[in-house]
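**Q** sequence plus the predicted model coming up.
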Amino acid sequence: MQMTNEMEEKLKRYILNADPFLWNILSAKTKKERIIELQGLGSLKEYSLKSNYIYKKINHDLLVELGPDGIIEHIVVPCLMGQFKPEMLQYFRRCWREGDLPSLNYLKENKLYRRHIFTEEAVRDGIGTDQVVGHKDRAFIFVQIDTQHEFIERWTVFAGLWFEEIEPRLGTGRESSPTAAND
């Protein structure tokens, strides 16, 4: 992925400020599982699973080890491509370009989002207060969904970063092909 120093600095800031961690593109949901997943992708090999690293340190170490372009090329792109079929990304891209939000029915039909019914045990936070303990489906990488009222609120920061900055620089020819505008 070719990028200027300005773009590299911009991506570095996006990575440092990504919330949730790496925009929730990893399949794993706990910190320990995420470290194992990152190690499986070839990063952070020196990390011990017995240590309790904070995400700020993990981000810093990834930036030192891979740099912003390496994180995008070796972690973000493979993880995203592994979770979304090309036609799904085309659908999201078309919605993004047209200023529309994806259809909730589309997300459900393609198993990118499903409604979660929480039981009494699932909504307790362990301290005795009621608090929904959320589960994030793949769609949450690109859109924020009000799960209580079942509607898509808005695009995530990552969606703009992906469609405007990362995807056009992948060199796949996708963005410059004549059919790309018709996706």
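**A** Yep, that arrived. Residues are numbered from 1 along each chain as shown.
**Q** residue 88 and residue 109 touch, don't they?
**A** No: using Cβ atoms under 8 Å, residue 88 makes no contact with residue 109, being 10.8 Å away. For glycine as for every other residue, the C-beta is placed from the backbone atoms N, C-alpha and C.
**Q** list the contacts for residue 145?
**A** Residue 145 sits next to 104, 107, 113, 139, 151, 152, 153 when contact means Cβ atoms under 8 Å, 6 or more residues apart in numbering.
**Q** in ChimeraX, how would I select the buried members of the residues you listed?
**A** Entered in ChimeraX, the line below selects the buried ones among the contacts of residue 145, by 16 or more other Cβ atoms under 10 Å:
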select :104,107,113,139,152
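**Q** so where do the helices sit in the chain?
**A** Using DSSP state H, the helices of the chain run over 5-16, 31-40, 55-71, 77-83, 86-98, 104-109, 157-161.
**Q** now for the ones you listed, which one comes closest to residue 25?
**A** helix 77-83 (4.5 Å; Cβ to Cβ).
**Q** and for residue 142, the neighbour number?
**A** 26 (other Cβ atoms under 10 Å).
**Q** now do the contacts for it.
**A** Here residue 142 is in contact with 92, 102, 155, 156, 158, 159, 162 (Cβ under 8 Å, 6+ apart).
**Q** ok, now with 10 Å
**A** When contacts are counted by Cβ atoms under 10 Å, 6 or more residues apart in numbering, residue 142 touches 23, 80, 84, 88-89, 92, 95-96, 101-102, 107, 112, 152, 155-156, 158-160, 162-163.
**Q** buried only: go through those for me.
**A** The neighbour-count test (16+ other Cβ under 10 Å) marks 23, 80, 84, 88-89, 92, 95-96, 101-102, 107, 112, 152, 155-156, 158-159, 162-163 as buried among the contacts of residue 142.
**Q** buried set for the worst-scoring helix or strand of the chain on mean pLDDT?
**A** Between all helices and strands in the chain, the lowest mean by mean pLDDT, DSSP states H and E belongs to strand 143-146, at a mean of 91. By neighbour count on 16+ other Cβ under 10 Å, the buried set for strand 143-146 is 143, 145.
**Q** off-centre distance for that strand?
**A** In terms of Cα atoms, centre = their mean, to the nearest Å, the centre of strand 143-146 is found 13 Å from the chain centre.
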